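1. please find the sequence and the predicted model below.
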There are 2 protein chains.
Amino acid sequence: MNQEKNKIEKLCINNLRMLAADMVEKARSGHPGMPMGAAAMAFVLWTRFLKHSPANPAWPNRDRFVLSAGHGSSLLYALLHLTGYDLPLEELENFRQRGSRTPGHPEFGHTPGVEVTTGPLGQGIANAVGMAIAERYQASFFNRPLYDIVDHYTYVIAGDGDLMEGVSHEAASLAGHLKLGRLICLYDDNRISIEGSTGMAFTEDRAGRFAAYKWHVQRVDDGNDTESLAAAIRAAQAEKEKPSLILVRTHIGYGSPNKQDTPSAHGEPLGAEEMKLTREALGWPQEPFYVDRQVRDYFSRAVEKGKSLEEKWQNLFNSYAASFPELAGLYRQWMKGQPAAGWDKDIPSFPADEKGMATRAASGTALNAIAAGLPNLIGGSADLAPSTKTIIKGGGDFGPDSYSGRNLRFGVREHGMGSILNGMALAGGLIPYGATFLVFSDYMRPSLRMAAMMGLKVIYVFTHDSIGVGEDGPTHQPIEQLAALRAIPGLTVIRPADANETAEAWRCAIGQVKGPAALILTRQNLPTLDRQKLAPAEGLSRGAYILYETEGRGPDVILLATGSEVHLAMGAANKLQKSGIAARVVSMPSWELFEAQPIEYRNAVLPPHITARVAVEAGITLGWRHYAGERGRIIGIDRFGASAPAGALFKEFGFTVENIVANAMQTLDITPCG
Amino acid sequence: MNQEKNKIEKLCINNLRMLAADMVEKARSGHPGMPMGAAAMAFVLWTRFLKHSPANPAWPNRDRFVLSAGHGSSLLYALLHLTGYDLPLEELENFRQRGSRTPGHPEFGHTPGVEVTTGPLGQGIANAVGMAIAERYQASFFNRPLYDIVDHYTYVIAGDGDLMEGVSHEAASLAGHLKLGRLICLYDDNRISIEGSTGMAFTEDRAGRFAAYKWHVQRVDDGNDTESLAAAIRAAQAEKEKPSLILVRTHIGYGSPNKQDTPSAHGEPLGAEEMKLTREALGWPQEPFYVDRQVRDYFSRAVEKGKSLEEKWQNLFNSYAASFPELAGLYRQWMKGQPAAGWDKDIPSFPADEKGMATRAASGTALNAIAAGLPNLIGGSADLAPSTKTIIKGGGDFGPDSYSGRNLRFGVREHGMGSILNGMALAGGLIPYGATFLVFSDYMRPSLRMAAMMGLKVIYVFTHDSIGVGEDGPTHQPIEQLAALRAIPGLTVIRPADANETAEAWRCAIGQVKGPAALILTRQNLPTLDRQKLAPAEGLSRGAYILYETEGRGPDVILLATGSEVHLAMGAANKLQKSGIAARVVSMPSWELFEAQPIEYRNAVLPPHITARVAVEAGITLGWRHYAGERGRIIGIDRFGASAPAGALFKEFGFTVENIVANAMQTLDITPCG
């Protein structure tokens, strides 16, 4: 290799190392070791391969880069700064401080060029799988001969922790199955984790494992050898069918004389003395946040290069738009992230019907009605599609034989599914959904949290929502999941009461809710309420609404319920009425939507002076006191369920009209007679 | 093979099939396909290999059997019935009905011979890894030359879903690392999942994957070939170092002419007509729940064989007890599941100290003090031991070179850790603990739920418990986790306020709490409260106690807080006092322990007539209304955190003495002046 080139490359790599270490040192907090070890692979990837436009981080055909090892954030910030993103040096100096654009772990929406919030390990790889799926789906949808409008790679840098986490297994196995050849993962194989050598707990044959997933696997034995790194990435690009894993042998804290290859380089500043020694060892000036002029020049070529790449693509797109105006319009529409006007015109309404249907069934109908006019709605289930009713009929399966399919087959991989959905949403253009039983939302909880934190539009279809599951028993009966989902800030939880509320829930999740939404649906049939006699289901969009009340005078008692229990509340209201008690039934499908209403509305639905209230939900009572009030009564189930037919369980656990009536009487201080 | 033997084996296997199918048919609910496909491997394992004693399911040296594919419960019930466990035929006829001992999925503690509750996929494999770890630790601890007191295998039957779930990856990778040669997993490779062929989503090379985990891998191409099955199990036993996976090619719904090899055999009854055809195809009488007499004789030999195995072991143990009376005494003690008297005598008490220490540090001290006298306390961390302070000093590492080590190195595998801990607890004799950051409790939530459902004594050490995490930012700051853990029925959550409460929390978790307990601990230092001036930390055991109150008259206002916020409440009480307001500070480390107190105690701590209350906790407010009351105020954080030094965050989000004082004033309708 050309000596001059060698020299400048070394300078660039060491500058990345020292900027990252300086950031951690100044913040007195952070992870210097990973950036110092992985600087060379990051340099090669970002300067020779990554197609991006620092002046326009939102250029839709950019390559995606995921730092799955999110604790190495300072490396990413150094790259963003040097390649010309809007991230001035002062931001690097302000690492991990309140108000800075350089938080401890990369945060999507917070820092230009950060594609995804990472830190909780393993998920980044799965996010990248989602991005690669999105790329293939959109390529299949939009590209036409000579017009590869959608045409990019997804790159990941992952560490030991990422590979140990189960979610990486789930996502990688699926990626191999789907033949996502444009997914390239650089594995920072530094053999050190927090407790010490990975030899303590992680001795699997990682290459063999990914080969078993049908990935293309390469090794780079010297993680500082830029030519080997480049050759490996080129070979990975050349492999069209298999996703690629490149095991890059690196050294954590590279350059630090006393901390390299030790866990102490992982998660704390090197310290003033060791910083000094490291600078000396790398032949680096002692000045903190020093950026070599040659280095700045070298990296900053990315701006012009990016503009030129983008311009070239824009020209292609313009010509594409001339040939395929409709497709081009749709592409622009998708990228806006808002569904086209009228997208919801075909959402069905369901006639009153005492026998009714399960809300999962109504959901399947609504989903299909929407999907017909919204081709960027795409999703699937964790091997429960027949039960969750989430197949888009005629949509075909997304798979290696056809990336135009809209039904994703995630396999029994809930966490992988959740993180993949996040990646699909992050990629832009798609509205992804995923389905499983409500009880298994636990398996994917870490990804739900990240969707909420990033404010991603992802729709979860969680069916089999209570002891109504019946015979499958306590392992399959969600009890605490509703409360646990409501606990996640930024997640909108909606539990509709009948077919029409279910249709409205879909309308709301796609049209109104900003972040992720979870639809909570029954396995069992529910009556379809007669909306000619009762309030319209559109009330769902306000979170809670007066479904029914005894005519004539203000209510004596308010019955609040969600989902399947709304029907019991209706039955109770009728009975109470016969005893001369005026009852109001409030259907309360979503706490989050209700809390977003003005106080006047909330007080109209739940007038503070009406303290006789009964709240009914087939889940734990946690949180209901807030709505039931001190005097109110709460009918819930604060234990695990049991295996038996659903009807028997509802009775045993007090979810009956009679029990609601009795509780209403008690809250009114009336002793029921007869 | 002997023709007679062949015939009786076939009869036995078909009887298993038909009993299982009959159960599902009669219940009109369940999963007939797995039992029908896997009957032969179950037969071979249970009749030729499994060391167990149906007359005494608790015999400690029995082999452990885990049906990871828990939906195949009817197969397990058929086996238990036929081999002579206390599970009469009427129980099989009462499958999935309320009050039966044959619930939809196997439930530990509910049915004799069921070793673990399974159903949520993947976890069973990890439970088995935990059991195999427990066996090796106890063998290492108790066995002496000529006395292999602890000496058994752990067997698993797992399905496609189990292998797809990430938790199976985590646990299997660790099992290979740990060289758990006595773990033998039969994989029911039927290639059908709920959505259809596993070819739709699961095409990884499973054999290659497990080989990469350093397992011993074999294939049996005909899952009905009993001799091949037996040969494979023998070879697995002969392999001493590697855990074994045997891929057994089976056919879901075997014997059903129209449903075999289809997803419709998976999760619903075959139906009357198909049942009839299946009986015909298998040459089976049409009588439901028919048990062939020869079959009954053949299986029931297990009773005598088990008694003889147990007797032999008991003789060995008696002779061992004569030679090693102390060890034998300890063994009996461990198996009782209660710590020996005086186990807690060395739990430290900490002197008052304004600077204090982090509760994670106090926890490390307490853990080590207890561990010295309690050698069956064993655990570890998901690669965060230095941060969670969970190393037992001098305890050594549990690993292939030494199974006497007490420190488990789980790697970055929280879910695997959780399910392994469950297996260790189920094995009997051990008190396992596991540690990670509180925010990552999300990753292991499915296993927490199972621990709670089974009532297992597992202790979770969750540190870095709030925005006090600081610079690592929102991905690492738990906000909703406390509430989400409290939501799990049967899990006791304890968030101590200082070093002494932390010591009490350990005492309580081991001595008092029946099921699993989660200790919620700070990263940051907290003052050690002066217990000579304040109430003793033993109050923790009652969940909430009056830590302090203004002398002289009953309180005007109650300040409730947990963990680090108790110190802010103390500061606020002092300030309020100076303004002439009498305040009571209630330290409330555990809602669950408090709710278990008699109403008199609860009313004494939180008198209903004192409605001026302020609750403070650095987490979401969900559920606090129950204790704060309608008039009370709640200081919490109902959004994700941010990356910044912890002090700045506490201030920004209102966790300050001043804000508590202001809220107390407001709840008292006093406008604060100055």
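-> Right, received. Where do you want to start?
2. and the spatially closest residue to residue A:180 that is not a sequence neighbour, how far from chain B?
-> Nearest residue to residue A:180 in three dimensions, chain neighbours excluded: residue A:132, at 4.3 Å (Cβ to Cβ, 6 or more residues apart in numbering or on different chains). Every residue, glycine included, has its C-beta placed from N, CA and C. Residue A:132 sits 16 Å away from chain B, going by Cβ to the nearest Cβ, to the nearest Å.
3. what sits against residue A:132?
-> Residue A:132 makes contact with A:154, A:175, A:180, A:182, A:183, A:243, A:423 under the criterion Cβ atoms under 8 Å, 6 or more residues apart in numbering or on different chains.
4. ok, residue A:330 next?
-> A:142, A:375.
5. just say helix, strand or coil for residue A:174.
-> Secondary structure, DSSP: H, G, I helix; E, B strand; the rest coil: residue A:174 is helix.
6. whichever of the contacts of residue A:132 end up buried, select them in ChimeraX.
-> Of the contacts of residue A:132, the buried ones can be selected in ChimeraX as follows, counting by 16 or more other Cβ atoms under 10 Å in any protein chain shown:
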select /A:154,175,180,182,183,243,423
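7. can you redo the contacts of residue A:132 as a markdown table, where the extra columns are distance to residue B:505?
-> What follows is the contacts of residue A:132, written out as a markdown table (distance: Cβ to Cβ, whole Å):
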| residue | distance to residue B:505 |
| --- | --- |
| A:154 | 45 |
| A:175 | 43 |
| A:180 | 47 |
| A:182 | 51 |
| A:183 | 45 |
| A:243 | 46 |
| A:423 | 40 |
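8. so which of the contacts of residue A:132 belong to helices?
-> With helices taken from DSSP state H, the overlap with those comprises A:175, A:423.
9. residue A:133: how many residues sit nearby?
-> By other Cβ atoms under 10 Å in any protein chain shown, the residues close to residue A:133 number 27.
10. that one: which element?
-> Per DSSP states H and E: residue A:133 is located in helix A:123-142.
11. ok, residue A:387 next?
-> helix A:385-388.
12. for that helix, packing partners?
-> When contacts are defined as 3 or more Cβ pairs under 8 Å, 6 or more residues apart in numbering or on different chains; DSSP states H and E, helix A:385-388 packs onto strand A:431-437, strand A:459-463.
13. any residues touching the next helix or strand after it, and which ones?
-> Scanning forward in sequence from helix A:385-388 by DSSP H and E, the next helix or strand is strand A:407-409. Here strand A:407-409 makes contact (Cβ under 8 Å, 6+ apart) with A:133, A:378-381, A:383, A:385, A:391-392, A:395-399, A:420, A:434, B:195, B:200-201.
14. ok, 10 Å please
-> A:130, A:133, A:137, A:174, A:177-178, A:378-383, A:385, A:390-399, A:417, A:420-421, A:424, A:432-435, B:193, B:195-202 (Cβ atoms under 10 Å, 6 or more residues apart in numbering or on different chains).
15. okay, now the residue in chain A that chain B sits nearest to: neighbour count?
-> Nearest to chain B, among the residues of chain A, is residue A:166, at 2.1 Å (Cβ to the nearest Cβ). Using other Cβ under 10 Å, the number of residues around residue A:166 comes to 28.
16. ok, it - contacts?
-> A:122, A:413, A:415-416, A:443, B:122, B:126, B:165-171, B:173, B:412-416, B:443.
17. and the residue lying closest to it once chain neighbours are set aside, what pLDDT?
-> Distance criterion Cβ to Cβ, 6+ apart; nearest residue to residue A:166, sequence neighbours excluded, is residue B:166 at 2.1 Å. For residue B:166, the pLDDT comes out at 98.
18. how far away is residue B:166 from residue B:144?
-> Plainly put, residue B:166 is 40 Å away from residue B:144 if you go by Cβ to Cβ, to the nearest Å.
19. mind listing what's buried in the lengthiest helix in chain A?
-> What stands out as the longest helix in chain A, according to DSSP H, is helix A:293-323. Neighbour counts using 16+ other Cβ under 10 Å place A:295, A:298-299, A:302, A:305-306, A:309-310, A:313, A:316-317, A:320-321 of helix A:293-323 among the buried residues.
20. mean confidence score for stretch A:612-629?
-> 98.
21. and if you look at stretch A:98-111?
-> 97.
22. stretch A:464-483 now?
-> According to the model, stretch A:464-483 has a mean pLDDT of 98.
23. same check on stretch A:260-275?
-> 96.
24. what about it and chain B, touching?
-> Yes - for stretch A:260-275, a contact with chain B is found by Cβ under 10 Å from any Cβ of the partner chain, at A:263, A:264, A:266, A:267.
25. list phi and psi for the second one.
-> When read as degrees, to the nearest 10, the backbone of residue A:264 gives phi -70, psi -20.
26. surely it touches residue A:31?
-> No - with contact defined as Cβ atoms under 10 Å, residue A:264 does not reach residue A:31; the gap is 11.3 Å.
27. and these two? which has more neighbours close in?
-> residue A:31 (26 against 18).
28. secondary structure class for that one?
-> Strictly by three-state DSSP, residue A:31 counts as coil.
29. appreciated, that's everything.
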